[in-house]
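>>> sequence unknown, structure follows:
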């Protein structure tokens, strides 16, 4: 299928959106049209685009995806499974749609369908929605904005300390084969508020589908947010996600991205430190096997003085899987006394696994502390020998070393409350990886 | 317990051991001494099964079974233990987790039930007293950031916990200050018993001031050129290895 033909179903879908636009604010229609113009102009990226040179989108572009409108009914058992570990805050999105009836949040947290918020919170959303990043839309986020239908709107008011983590579960279930879901979340944290968000992407069945997710986060002055994103889509899924974070003065953003699922994943996290003293910590851990492609992109944009950023990513790759890490740090002229660090380490568990890591630092200020490092390695023969000499079997020795490698990111991150869950998910995936590695 | 016959070993095509014969009976302590490069460490590693060392001729039996037929972990489960000269760092794996996995492998091999976390901790605390290690060691990653002395004590802790029949100590005394040496030696002495044998590989005699061997062997040029009792060690300390070379000249290839 040609690149242009791949765009056709999306352009047709936009025509339908436009027809039904009468009830929407004018600003939204304008935003959609701008976004679709961007999409039409840019088209889907190819490997000739610098930002996509290691990730081949052909499997997505060659499939024709349907826009599935049906919402399946979930069994009680499934619901209980999805709610596991969620205390008082649980927001469920099924096949791209917010499920109001199954969601609940503690007092003070405002959570609603984004479609409703566009009407009732129009003034608040207008300056931000689709405008969180100075660099504008790429093709996928443009598509998401153009076709935006529903999603989640969460607002934490000024000074509110949210007691328990807010679990957002994006669940795909009994969808028609080859469905595409545009998932959109908007999150605004008021001044000096504090909250932890756990965002999980998962599926209850094995069809191939395509999740195109965009998350926009605005942190007002002094707001503190912890964000954990767990991507465990099914093994035939495509997952393209973009997070835009805008940080005001002295706000703090700590994130952890665990990626184990999907046939092809692109996780792009862009953080703009737009005022003095803002800080962010981005952690990531990805585990691939078979033919998985797991692609992480980051951009931390230091715009003002005294900002801090720390990125720490690790990948474990088995089978024929491929990892991509492209980490960018931008320190603008104004951003004096910036403290920015970035590390990427990967461990290849098979001869066929590959990784491409590319740090990119652009520093225009003169008084800064910046560092970056990247390393690729394999399991150490001496370490395997040491463990085996203590009676530990060869396979288990490999698993212990790989787990030890993964554990460092989890231990190092400031997301202590997720430690056990993350370790459990890592162990589960490691068992699969080590089996696939032996094939 | 252990019987080595005419053992020849090569590393990357270079022959290091050129015909070793050694018999170790239950309860005996054998010291193997020799100058640098004589093949001492090669001998310990080939017994433990390091994949870089190739047996080109000869055999070794452990309790009547062919040692070189066994996988690395199988040797350990049968009761062969090597205390490493340079213990390996295992980042991200904490010491308690590692020790518990190892101890339970030994128990499984003996048909015993595995210890749970509580039982294991109790079991290990006893062993830790032996080498005067405090509990903070347990939560640290294996050997990572350990001082030289801590690493060696950790090896002896593993020896105590895994309860082997044959313990091979590769230069456990090297890099230890006098206090650490005493602690380590005292630990070994308390682990001596009529059913357990030791092979102590050392360059210097000083550890043998604390641990009295039953037999002392001199390894030179890949062969055992001289054997004796503990007095041989004192003689070596006094006169160095040069006199052996002169004395045994023709035997050293």
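Thanks, I have the structure now. Please read all numbers here as calculations on a predicted model, not as lab measurements. Numbers count the residues shown, from 1 in each chain, chains lettered A, B, ... in the order given.

>>> the strands in the stretch 101-250 of chain A, which residues?
A:109-113, A:152-156, A:166-172, A:179-189, A:194-203, A:209-219, A:224-232, A:238-247 (DSSP state E, counting those that start in this stretch).

>>> in the stretch 1-150 of chain B, what residue is nearest chain A?
Of all residues in the stretch 1-150 of chain B, residue B:92 sits closest to chain A, at 2.8 Å by CB to the nearest CB. All C-beta atoms are positioned from the backbone trio N, CA, C, and that covers glycine.

>>> check contacts around the residue lying closest to that residue once chain neighbours are set aside.
Using CB to CB, 6 or more residues apart in numbering or on different chains and skipping residues adjacent in sequence, the residue nearest residue B:92 is residue A:404, 2.8 Å away. With contact taken as CB atoms under 8 Å, 6 or more residues apart in numbering or on different chains, residue A:404 is in contact with B:90, B:91, B:92, B:93, B:141.

>>> residues in contact with the second one?
When contacts are counted by CB under 8 Å, 6+ apart, residue B:91 touches A:404, A:405, A:408, B:141, B:144.

>>> number of nearby residues for the residue in the stretch 201-350 of chain A positioned nearest to chain B?
At 10.2 Å from chain B, residue A:314 is the closest residue in the stretch 201-350 of chain A, using CB to the nearest CB. A count of nearby residues for residue A:314, using other CB atoms under 10 Å in any protein chain shown, gives 24.

>>> ditto for residue B:69
With other CB under 10 Å as criterion, residue B:69 counts 11.

>>> for it, give me phi and psi.
phi -80, psi -10 (degrees, to the nearest 10).

>>> now residue B:134, nearest residue through space, not along the chain?
residue B:128 (7.5 Å).

>>> so what's that neighbour up against?
B:134, B:135, B:137, B:157.

>>> the third one in helix, strand or coil?
What DSSP: H, G, I helix; E, B strand; the rest coil gives for residue B:137 is helix.

>>> quick check, it in contact with residue B:95.
Yes - Residue B:137 lies in contact with residue B:95 (CB atoms under 8 Å); the separation is 5.7 Å.

>>> of the two, who's got more company?
Set side by side, residue B:137 and residue B:95 show more neighbours around residue B:95, with 23 against 20, by other CB under 10 Å.

>>> residue in chain A nearest to chain B?
Closest point on chain A to chain B, by CB to the nearest CB, is residue A:404, at 2.8 Å.

>>> and the helix or strand hosting that residue, how far out from the chain middle?
Taking DSSP states H and E as the definition, residue A:404 sits inside helix A:394-412. The gap between where helix A:394-412 is centred and where its chain is centred comes out at 23 Å by CA atoms, centre = their mean, to the nearest Å.

>>> so for it, what gets flagged as buried?
A:396-410 (16 or more other CB atoms under 10 Å in any protein chain shown).

>>> what's the first helix or strand after that helix?
Next element after helix A:394-412 (DSSP H and E): helix A:419-437.

>>> do that following helix and chain B meet?
No - using CB under 8 Å from any CB of the partner chain, we find that helix A:419-437 stays clear of chain B, coming within 10.9 Å at best.

>>> what's in contact with that helix?
Residues outside helix A:419-437 that contact it (CB under 8 Å, 6+ apart) are A:85, A:228, A:230, A:232, A:256, A:258, A:260, A:285, A:287-290, A:316, A:318-319, A:349-350, A:395, A:398-399, A:402-403, A:406-407, A:410-411, A:415.

>>> next, the angle helix A:394-412 makes with that helix.
150 degrees (axes from the mean of the first three to the mean of the last three CA atoms, to 10 degrees).

>>> who in the stretch 151-253 of chain B is up against chain A?
Contact residues (CB under 8 Å from any CB) of the stretch 151-253 of chain B with chain A: B:158, B:162.

>>> shaky segments in the stretch 151-253 of chain B?
Flagging of the stretch 151-253 of chain B using pLDDT under 70 yields the residue ranges B:249-253.

>>> in it, which spans are helices?
B:178-191, B:230-239, B:242-248 (DSSP state H, counting those that start in this stretch).

>>> please apply the same query to chain A.
For chain A, the helices defined by DSSP state H occupy A:3-19, A:26-42, A:58-61, A:76-83, A:114-120, A:122-125, A:139-146, A:381-388, A:394-412, A:419-437.

>>> how far out from the middle of the chain is the second one?
I take that to be helix A:26-42. The answer for helix A:26-42 is 23 Å, by CA atoms, centre = their mean.

>>> and what of the fifth one?
When distances are taken as CA atoms, centre = their mean, helix A:114-120 is centred 23 Å away from the chain's centroid.

>>> which strands and helices lie in contact with it?
Applying 3 or more CB pairs under 8 Å, 6 or more residues apart in numbering or on different chains; DSSP states H and E, one finds that helix A:114-120 makes contact with strand A:152-156, strand A:179-189.

>>> neighbouring strands of the last one in the sheet, and parallel or not?
Listed by DSSP bridges, the sheet partners of strand A:179-189 and their directions read strand A:66-67 (parallel), strand A:152-156 (parallel), strand A:209-219 (parallel).

>>> could you dump these to a markdown table with mean pLDDT, distance to residue B:86 and mean neighbour count?
Listed next are the strands paired with strand A:179-189 as a markdown table, based on pLDDT from 0 to 100; distance: least, CB to CB, whole Å; neighbours: other CB atoms under 10 Å in any protein chain shown:
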| stretch | mean pLDDT | distance to residue B:86 | mean neighbour count |
| --- | --- | --- | --- |
| strand A:66-67 | 76 | 60 | 16 |
| strand A:152-156 | 96 | 53 | 24 |
| strand A:209-219 | 94 | 48 | 25 |
